[in-house]
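Colleague: Turn this into a structure:
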Amino acid sequence: FLNILMENVTGAAIDDGIKISSLECLGFTCERISFTLTLAVAGEAPVPEIAPEITDLMLTTIVDGIRSDRPDPIRLAAAKALGNSLSFTRKNMENEQERDMILKTICDATQSQDTRVRAAAYECIVQIAYQYYDKLQSYMQTIFQLTFTTIRSDEETVALQAIEFWSTLAEEEMELMDMAAELAEAGQTPPPESVCVHYVKAALEHLTPLLTETLTKQDEEVEIDDDQWNLSMSGATCLTLVSNTVEDLIVPAIMPFVQQHIQSENWRYREAATMAFSSILEGPSDEAIGQFVNQSIPVLLTALSDSNDLVKDTTAWTIGRICDLHVRSIPEDTFPTLVNGLAGKLLSETPRVSSQACFGIHNLAAAFQNDNAAATSGTNALSPYMPHLLQTLLQVVDREDAAESNLRIGAFEAISVLIQNAAPDVNAVLMQLLPAIIDRLAQSFNMPALTNEDKEQKEGVQGLLCGLIQVISIKVTKEELLPYCDSIMTNFLQVLQSKNATCHEEALSATSAIANILEGEFVKYMPALQPFLMTGLRNFEAYQVCTVAVGLVGDISRAIEGAMKPFCDEIMSALIEALQNSALHRSVKPPVLSCFGDIALAIGAGYESYLQVSLMMLLQAAQTRAPEDDDDLIDYVNMLREGILEAYTGIIQGLKDGNRTDLVLPYIDAIMGFLEMLASDRKNDYDNEVLGKAVGLVGDIGSSLGGQIKEQIRQPYVMELLKEGHATGDATIMDTCNW
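Modeller: Coordinates of the predicted model:
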């Protein structure tokens, strides 16, 4: 069949329509082969067996179709087919003569009279940059000239692909530099095919003026909220990637443009200069960009009131980025003006601009996350503004247009981060806010929901309100929270009656916070909560809900301890079902295993009836291995092993508390066998999580079973684990080893 298709393309007497159809069919075939190869790399499909002579013929046929003497429709079909074939033609790309022919043909196609052919040719060049970076050197001068001319003067659809080439090149170089840095830490050097040639740095002087020029080509016809991809957006994305690649070198290359145009009479240049500044914020160090950030704040605050909506939108976004990336460079005396400036845009602007203002407040509040000074002084710089900010953001939530531009979600997230990073002197404000949030949640059940969109919006708000109650609960004391708990739990249980998975996730997660705070007093809610908890544990399709429900079981177990026993039969049954369900997302299984330990620790000797089945599950899970070259699966196996170790530790400690450690003796050889395997087979345990938990389990076995397992504890692999634990230098692990 493939031979017939290829003969159709190269045959002189064959009709052009048949040639085009044959090339399109070859293109789909190449796409399918590429997709199968991708699955094969991920271990999800066998590697397709394609004879080299077949791929050679396919490639020759496709390249023949792109020749400059072919009609444009044929060239277009061939160029698309070539783009699909590049992932499995490495053998051909390794051959210099064949590579030269392929690149020459593609570069010629960028000069076609047909816009679609030019764009498809550049798509091929983008693919080559992504897959064959190490083969580019001989062709970069030509590609440099072609892309620059195209970006400057070709039609937008073609220019977008030429910009994409430089974006892809920057991403590849970042990846190669990161790899080189990792290898250097290990005293190694990258292989020749993975060496970064720094094309972006070499082109910087010529590339940056070109990109800033594209930033001035904003599309007036497109509404801001449409997010339609255009030349200025593509240029900004490329500039961000270039900045992240060349780091400090971007500052002298871009700042003259920014300084010259940020207060221009022409709105296009004001917006372009602001966008250029925003785009380079992530790459350079504080030392290189800090002084410009410092100087920019007054100018940007003024620009928040610009007459042009796009300028205001980009300005608010830029301030948000500064708050996220360079908050330490914001002058202290500017802080009040900055907070008030952002707050002033929450109610009066378009949803897009107000959403960006929420983003700025969110990032400003997040900067106080590790502010230890607030614990001692009792206050921080946010405190004076908290009442006004929280009140205004709640008004934003009620805006009629809050569903646009993610404004409502942005406002809720800003409130959440403000609460999380509130200083102690704001507790009274939070306690005034809590009943208002509970009341909003109660009222939300009466919101009309005539359409699916109304229903989704209503349930979305309910989930977000649950999240706010959770963060407030964590900030206040048990005594402050207690009077509101009945009302909170009543509302949570009503939320759990909906069919919305996100709502369930938020409500169950917030319930965990209440359980942690109330401890033993939480037991009074268990009879009403149990049916919803079981629904969550058996929600295998929405696995995130299942994961949160498993976490809630652990939190409740720690909170109410022995009072958990009456609810355990159903819960253990659901946990076992989860482990046996092959369709359940694998990320749920490690926390399920760990949950066995939480339950055992809570109910002590009462765990006897679940011991055999849970230990069998743990022993089965302990057999899971990962291939040497699959980092994702290795990470998963490490998570699984942490869950197993936590389960064993909890079970042994629980049985010790209940004076029934004898129950575990029949299984001790298998448990020790697992530890022996860990002593010799651990990969990517970079944070020593598996090692730390293994050492902890050795200690628990020794202290709980003592002389009964004297021989097992003296085995060389146990000494090896303890020796490795000591060698980590981690104080916690070393203390455990000494114990």
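Colleague: Pull out the buried positions in stretch 240-256.
Modeller: By neighbour count on 16 or more other Cβ atoms under 10 Å, the buried set for stretch 240-256 is 240-247, 249-251, 253-255. Every C-beta, even on glycine, is put in place using the N, C-alpha and C of the backbone.
Colleague: I meant stretch 390-404, not that one.
Modeller: For stretch 390-404, by 16+ other Cβ under 10 Å, it's 390, 392-394, 396-397, 399, 402.
Colleague: how near is residue 251 to residue 283?
Modeller: 9 Å (Cβ to Cβ, to the nearest Å).
Colleague: Also residue 684?
Modeller: Residue 684 is 29 Å from residue 283, by Cβ to Cβ.
Colleague: For residue 124, grab phi and psi.
Modeller: Main-chain dihedrals, residue 124, degrees, to the nearest 10: phi -60, psi -40.
Colleague: of residue 684 and residue 283, who's got more company?
Modeller: Each of residue 684 and residue 283 has its neighbours counted (other Cβ atoms under 10 Å); residue 283 has more, 24 against 12.
Colleague: My read is that the more buried one contacts residue 239, right?
Modeller: No: counting by Cβ atoms under 8 Å, residue 283 sits too far from residue 239 to count as a contact (9.5 Å).
Colleague: ok so, going back, redo the buried residues of stretch 240-256 as a markdown table? Include pLDDT.
Modeller: Formatted as a markdown table, these follow (pLDDT from 0 to 100):
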| residue | pLDDT |
| --- | --- |
| 240 | 97 |
| 241 | 97 |
| 242 | 98 |
| 243 | 97 |
| 244 | 97 |
| 245 | 97 |
| 246 | 96 |
| 247 | 95 |
| 249 | 97 |
| 250 | 97 |
| 251 | 97 |
| 253 | 97 |
| 254 | 97 |
| 255 | 97 |
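Colleague: Please spell out the segments of the stretch 601-739 of the chain that come in under the pLDDT threshold.
Modeller: Across the stretch 601-739 of the chain, the ranges flagged by pLDDT under 70 are 686, 729-730, 732-739.
Colleague: where exactly do the strands run in it?
Modeller: In the stretch 601-739 of the chain, no strands are found when defined by DSSP state E, counting those that start in this stretch.
Colleague: Just to check, residue 163 is in contact with residue 238?
Modeller: Yes: contact between residue 163 and residue 238 holds when scored by Cβ under 8 Å: they sit 5.1 Å apart.
Colleague: Can you list the residue ranges for helices in the stretch 251-400 of the chain?
Modeller: 267-279, 286-303, 309-325, 335-343, 351-366, 373-377, 386-397 (DSSP state H, counting those that start in this stretch).
Colleague: which helix in the protein runs the most residues?
Modeller: helix 156-185 (DSSP state H).
Colleague: In contact with residue 122, which residues?
Modeller: 110, 147, 150, 158, 161-162, 164-165 (Cβ atoms under 8 Å, 6 or more residues apart in numbering).
Colleague: Quick one, which of those are buried?
Modeller: Buried among those (16+ other Cβ under 10 Å): 110, 147, 150, 158, 161-162, 164-165.
Colleague: wait, which of the residues you listed is closest to residue 422?
Modeller: Residue 422 lies nearest to residue 164 out of those, by Cβ to Cβ, at 43.7 Å.
Colleague: Give me the neighbour count for the residue nearest to residue 424 when sequence neighbours are not counted.
Modeller: In space, and not counting its chain neighbours, residue 424 is closest to residue 378: 4.8 Å by Cβ to Cβ, 6 or more residues apart in numbering. A total of 13 residues lie near residue 378 under the criterion other Cβ under 10 Å.
Colleague: Could you measure from residue 378 over to residue 83?
Modeller: For residue 378, the distance to residue 83 - Cβ to Cβ - is 62 Å.
Colleague: which residues of the chain score low on pLDDT?
Modeller: 1-3, 5-13, 34-52, 221-227, 686, 729-730, 732-739.
Colleague: Contacts only, for the nearest residue to residue 693 once chain neighbours are set aside.
Modeller: Leaving out its chain neighbours, the residue that sits closest to residue 693 by Cβ to Cβ, 6+ apart is residue 645, at 3.9 Å. Counting by Cβ under 8 Å, 6+ apart, residue 645 touches 690, 693-694, 696-697.
Colleague: let's see it at 7 Å
Modeller: Listed by Cβ atoms under 7 Å, 6 or more residues apart in numbering, the contact partners of residue 645 are 693-694, 697.
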